[in-house]
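> fold the following.
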Amino acid sequence: MNHFLLTKTVFSLLLMCSLYISGYAATPARATSTFSYEPDSVRKVLEQEQRAAFNHFWQFANKQTGMIHASANVNNKNLTTGGSGFGVMVILTGIERGWISREAGAKRILSLVRYLNKADRIKGAWSHWMNAEGEPVKFGKQIEAGDLVETSFMMMGLYAAQAYLTENNSVEKEIRKTVDSFRKTIQWSDFVHNGELYWLWERTNGAYTLPLHGYNEALVTYILALGAPDKYAIGADIYKNGWQQNGKICKPNRVHYGYPFVMGAQLSGPLFLSHYSFLGINPKTMQDEYVDYQQYGTYHAMIHRHYCMEVAPKEYRYDAFNWGLSAGSGPNQPVKKGYKPRTPKRDDGVIAPTAALSSMPYTPFYSIQMLLNLHYNCPKLHTPGGFGDGYSLVDDWYFKGRIAIDQAPIVIMIENYRSGFLWKLLANHPDIRKGMEKAGIHLPVHPTGFPYAIADTRTGYYDMLRHPDRKMYELDFYLEEAGQVSFQICNEAGTKVLSEIPAKKYPKGLNQLSFDRSGLKDTQRCIIRLQENGQPKAEVKVQLN
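Next comes the predicted model:
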């Protein structure tokens, strides 16, 4: 069993009893054709639901410590390290969006770093769960174990806070200073065993548990360990042997439903694997010898969507507005399903809202379709802290409980789609840059064209909608060399030019084309053609929604 599945299975055993709340019967969440994809309409829903999920971390946190409970609406008082690290990024988003004041947000984060500074640390790492006194709480068979993956999630959030809270007042200065003390004392290299990083080290018996093989949610763990201060940094050989498994991470030429998928489990793992490490690190800045991580995350989401729409049992009633599998809650009745990781190979009809919603930077139109459906058609899934953790159309079951590690990525990845806010905060962190350099991760390199316009293999078209904040269609394109580039928007057959975008000089690398519906009238399907010196160089078939 893969280590992430083992960990999530342990999590499920702990949560199944404490997390379960009776399901709610409701009218099936079937989408209608009345959704408006006009920017103003979409932005209103985005703002409302992003803020609702933010409220989970603002209103339901442990006020004494600033930490968040592992789950909400249940008798579960355990404080989660990774979920609280994600929660720091959520609080920063709330400040930036104006939902809370900077002063209030900074004070909450100060409470958290003071708590962490007094909490028990094992080889510099915190435990998976802790109590309000900072003592380790039993998690599965773990009693006193340093959890390196959860610690890396915490540090990703704290590094974002350090980058954002730069004012010269006592609160923000203390946050920055304390975070820097954590940075210098996490003993990343002491979690190396048998030539690779391990998830856990248990103080009671000195045992190392769960080797960190890729592909899983722990890429950021390796990056932070590689980039750590020299005393505790790991070498590139540990990354190659552990994460990359000396090349075995790659399954060359493997394709699912028309989408290349050369790393990870057959038919892909749960979608959280393409979320957690990329909450703070922009996948569009990451390519190694195997994949471009933006493309890879998109393929991952598209495989899930295709499976749900075309392959899953019809009685599950998935469609374009109900898709996405991840680790999350499930009904106990009429069939006991509970909390577990779900994938196209391990599916029981339960959708986790976080799966599609947190994929928004990869699949903006398809994720927004899902968001609009949940907003308008799933009232029984709405809670004061955002959408509940899961629902099942086949069981007519809607869950009101929420889990921190599922809720936070919704806020963060919606924000990264809207503004890139968290990605920008961590773009220049020295440890992250150093870690990626040692890992051989660099800015992507592509032929001139549209590397991220990944078409639905069922239709052959790339679906677009106008960005809800900027009100324009936005299409990434890559240039092998800097130069003058123009664009034509042609009819579906490619025989008639509907609109032209004059030549402009662009730099080498990744750029973005923005355009509106001028001259397009009611056009939906069309071809966008990139031209260099008036000569066609690349084109993509798109559907304008």
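> nearest residue to Phe60 in space, please, no chain neighbours.
Excluding its sequence neighbours, the residue lying closest to Phe60 (C-beta to C-beta, 6 or more residues apart in numbering) is Ala72, at 5.1 Å. The way it works is simple: take the backbone N, C-alpha and C, and place the C-beta from them, glycine included.
> run a quick neighbour tally on that neighbour.
Number of residues near Ala72 (other C-beta atoms under 10 Å) recorded here: 25.
> again with Val255
Counted with other C-beta under 10 Å, the neighbours of Val255 add up to 12.
> just checking, it touches Ser268?
No. Assessed by C-beta atoms under 8 Å, Val255 is found out of contact with Ser268, at 11.8 Å.
> could you tell me which residues touch both of these two?
Both Val255 and Ser268 are contacted by Phe261, under the criterion C-beta atoms under 8 Å, 6 or more residues apart in numbering.
> for Pro364, list the residues it contacts.
Pro364 makes contact with 417, 465, according to C-beta under 8 Å, 6+ apart.
> per-residue pLDDT, it?
For Pro364, the model assigns a pLDDT of 98.
> and it, its phi and psi?
Backbone geometry at Pro364, expressed as degrees, to the nearest 10, gives phi -60, psi -50.
> for Glu38, see how far away it is.
In this view, Pro364 and Glu38 are 15 Å apart by C-beta to C-beta, to the nearest Å.
> domain parsing of the protein, as residue ranges.
By the record's domain assignment, the chain is partitioned as 37-57+249-430, 60-245, 462-544 (automatic domain parsing).
> the helices in the stretch 201-350 of the chain, which residues?
Taking DSSP state H, counting those that start in this stretch, the helices of the stretch 201-350 of the chain run over residues 219-227, 236-241, 293-306.
> out of those, deepest packed?
Per-stretch averages of neighbours, counted by mean count of other C-beta atoms under 10 Å, single out helix 219-227 among these, with a mean of 26.
> what would it look like as PDB? C-alpha coordinates only.
Extracted C-alpha coordinates of helix 219-227, given in PDB (Å, rounded to 0.1, in the frame of the first residue of the first chain):
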ATOM      1  CA  LEU A 219       7.200  17.100  -3.000                       C
ATOM      2  CA  VAL A 220       7.200  20.300  -0.900                       C
ATOM      3  CA  THR A 221       8.800  18.300   2.000                       C
ATOM      4  CA  TYR A 222      11.700  17.400  -0.200                       C
ATOM      5  CA  ILE A 223      12.000  20.900  -1.600                       C
ATOM      6  CA  LEU A 224      12.200  22.400   1.900                       C
ATOM      7  CA  ALA A 225      14.600  19.800   3.100                       C
ATOM      8  CA  LEU A 226      16.900  20.400   0.100                       C
ATOM      9  CA  GLY A 227      16.700  24.100   0.700                       C
END
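> centre of the chain to that helix, how far?
Chain-centre distance of helix 219-227: 17 Å, with C-alpha atoms, centre = their mean, to the nearest Å.
> same thing with stretch 122-134?
That offset, for stretch 122-134, works out to 24 Å (C-alpha atoms, centre = their mean).
> next one: stretch 230-237
Distance, stretch centre to chain centre, for stretch 230-237: 26 Å (C-alpha atoms, centre = their mean).
> buried residues, it. List them.
If you call a residue buried by 16 or more other C-beta atoms under 10 Å, then stretch 230-237 has these buried ones: 232-234.
> for stretch 368-386, same thing?
Buried residues in stretch 368-386 (16+ other C-beta under 10 Å): 368-375, 377-378, 380-383, 385-386.
> can you name the two of those that sit furthest apart?
Within the buried residues of stretch 368-386, Gln369 and Gly385 form the most distant pair, 22.9 Å apart (C-beta to C-beta).
> circling back to that earlier point, with distance to Lys496 added, can I get the buried residues of stretch 230-237 in JSON lines?
What follows is the buried residues of stretch 230-237, written out as JSON lines (distance: C-beta to C-beta, whole Å):
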{"residue": "Tyr232", "distance to Lys496": "62"}
{"residue": "Ala233", "distance to Lys496": "58"}
{"residue": "Ile234", "distance to Lys496": "57"}
